[in-house]
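Enquirer: Provided below are the primary sequence and the corresponding predicted coordinates.
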Amino acid sequence: MMGKFVVSTTTSGFRFNLKADNGQTILTSETYNSKASCLNGIESVKKNAGDDNKYERVNAKDGRPYFNLKASNGQVIGTSQMYADAAGRDNGIESVKKNAAAASTVEEE
């Protein structure tokens, strides 16, 4: 089984989650105003996910590590969950690299 992008409608627009083959969410987008913009965001993730330099490794105020995936223009296109440690964050980045390029896109029902 491969990873997948799940597009969902929110109260203020559209959002996607990249889910690993085990069903766990590994990357979440911002909220987009239109479905077309959301789908463009997915294409940007697919394009940029393989480049380690596009990952910003950061820590939350409480010290928990997470990461942002950035587009070529420096804009954040996806944010991870919070991890217990840096090793977990690094595993999350590897999972995005592994799953994003070939992931299918589905709409949440």
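Expert: Everything's here; your move. Numbering: from 1, shown residues only.

Enquirer: For Ile93, see how far away the residue of the chain most remote from its centre is.
Expert: Of all residues in the chain, the one whose C-alpha sits farthest from the chain's mean C-alpha position, using C-alpha atoms, centre = their mean, is Asp62 at 21.5 Å. When C-beta to C-beta, to the nearest Å is the yardstick, Asp62 and Ile93 sit 20 Å from each other. To be clear about C-beta, it is placed using only N, CA and C from the backbone, and glycine gets the same treatment.

Enquirer: what do you get for Glu108?
Expert: Glu108 is 25 Å from Ile93, where distance means C-beta to C-beta.

Enquirer: neighbour count winner among these two?
Expert: Summary of the neighbour comparison: Glu108 and Ile93, criterion other C-beta atoms under 10 Å, with Ile93 having more neighbours (19 against 10).

Enquirer: tell me the contacts of Ser44?
Expert: Residues touching Ser44, when contacts are defined by C-beta atoms under 8 Å, 6 or more residues apart in numbering, comprise 71, 77.

Enquirer: On the pLDDT front, check it for me.
Expert: Looking at Ser44, its pLDDT reads 97.

Enquirer: any idea which helix or strand comes after the helix or strand it falls within?
Expert: For Ser44, the element it lies in under DSSP states H and E is helix 35-48. On the C-terminal side of helix 35-48, the closest following helix or strand by DSSP H and E is strand 55-59.

Enquirer: before we move on, back to that, just confirm the residue farthest from the centre of the chain is within a helix.
Expert: No. With DSSP: H, G, I helix; E, B strand; the rest coil as the criterion, Asp62 is coil rather than part of a helix.

Enquirer: can you tell me which residue is nearest the centre of the chain?
Expert: Using C-alpha atoms, centre = their mean, the residue of the chain that lies closest to the mean C-alpha position is Leu27, 2.6 Å off.

Enquirer: So what sits opposite that one in the bridge?
Expert: For Leu27, the beta-bridge partners are Leu18 (DSSP bridges).
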